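Participant: Coordinates only, no sequence provided:
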């Protein structure tokens, strides 16, 4: 009798879950962003939200939760049910590098999050205040070597890829700089323009709109080849062959979210690549559109965890 009741309860629960999945989405969806408004990740999240609102026929809103290298945003997502109604516009910082440098990430992102879709990837641009007496990458390196530790560089947070990319560049160039963490890229750009800091390893979308103002200088980019939106900016690899550092922005959800829901989201977001206007918006930001499959995204994340783990375990970088 007990077995029959248990079996019946299990069947009813499964049936209820199946019905819920069949009617997904039946309420608004939230995309949580780990940085403030106006930055690279935020812009991509809003572009995705606009597309999904039309594609799914339900409201998709963006919720900015900056701070702690994305830990605040990550915990908010993990505190919600695994039903596909709360998504995380994550970067490699939260999913790949944070566990190596931040003890507060006392969970395993590979186990807690399910990859959905990688929307786009971007390199980083070594950007300085225009008043800094260095007109090119060589002069910047020479200046930094003269007075170790005097050059300051900002980042979107301790342990963020904007810090780690600058750290990697400094190691390769043999220079020592002082890190100044912020809660997002927009604040870094403001202080860079204002002269409060000297350098920022920025996402292209953060600096392209500022180019005409003459208050910042773009010295080099971390991609293996020059960016078509910045054809006059040399690559770091032109000075240090083989150098390459990049990041990505992609949707992940809580592990345990029904596969059918994850597949639906991934499928709908991938359709963004069919709209030339979406592709142009991404490319104008210096983003390389990706839209790879869920499986390929998962493989990429695992590969990057292995790569960054080797770099960061003995780096001394700590976010707490």
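Facilitator: Perfect, thanks for sending it. Everything quoted here is computed from the prediction, not taken from an experiment.

Participant: Which parts of the stretch 1-150 of the chain are helices?
Facilitator: Assigned by DSSP state H, counting those that start in this stretch, the stretch 1-150 of the chain shows helices spanning 2-22, 40-56, 71-78, 92, 98-101, 109-112, 137-146.

Participant: Quickly, which of the ones you listed bottoms out on average pLDDT?
Facilitator: If you rank these by mean pLDDT, helix 2-22 sits at the bottom with a mean of 47.

Participant: what about residue 186, neighbour count?
Facilitator: By other CB atoms under 10 Å, 18 other residues sit near residue 186. Every residue, glycine included, has its C-beta placed from N, CA and C.

Participant: try residue 295
Facilitator: For residue 295, the neighbour count with other CB under 10 Å is 10.

Participant: ok so it is a helix residue?
Facilitator: Yes: counting by DSSP: H, G, I helix; E, B strand; the rest coil, one finds residue 295 located in a helix.

Participant: Show the contacting residues for residue 195.
Facilitator: Contact analysis of residue 195 by CB atoms under 8 Å, 6 or more residues apart in numbering lists 129, 131.

Participant: Could I get the pLDDT score of it?
Facilitator: Reading off the model, residue 195 has pLDDT 95.

Participant: Please report the distance of the nearest residue to residue 287 once chain neighbours are set aside from residue 314.
Facilitator: Spatial nearest neighbour of residue 287, chain neighbours left out: residue 120 (3.9 Å); criterion: CB to CB, 6 or more residues apart in numbering. Using CB to CB, to the nearest Å, residue 120 is found at 31 Å from residue 314.

Participant: Need the residue closest to the centroid of this structure.
Facilitator: residue 91 (2.4 Å; CA atoms, centre = their mean).

Participant: my guess is that one meets residue 252, correct?
Facilitator: No: if you go by CB atoms under 8 Å, residue 91 and residue 252 don't touch, sitting 10.2 Å apart.

Participant: quick one, helices of the stretch 151-300 of the chain?
Facilitator: Applying DSSP H, counting those that start in this stretch to the stretch 151-300 of the chain gives helices spanning 161-173, 185-194, 204-207, 259-270, 276-284, 294-312.

Participant: Pick the most deeply packed of the ones you listed.
Facilitator: Compared across those, helix 204-207 shows the largest average neighbour count, a mean of 25 (mean count of other CB atoms under 10 Å).

Participant: packing partners for it?
Facilitator: Packed against helix 204-207, as judged by 3 or more CB pairs under 8 Å, 6 or more residues apart in numbering; DSSP states H and E, are the following elements: helix 40-56, strand 113-123, strand 125-129, helix 185-194, strand 216-221.

Participant: ok and the third one relative to helix 137-146, angle-wise?
Facilitator: With axes from the mean of the first three to the mean of the last three CA atoms, to 10 degrees as the basis, strand 125-129 and helix 137-146 are set at 70 degrees to each other.

Participant: Direction included, what does strand 125-129 pair up with?
Facilitator: strand 199-202 (antiparallel), strand 216-221 (antiparallel) (DSSP bridges).

Participant: ok, and the closest non-adjacent residue to residue 292?
Facilitator: residue 118 (5.2 Å).
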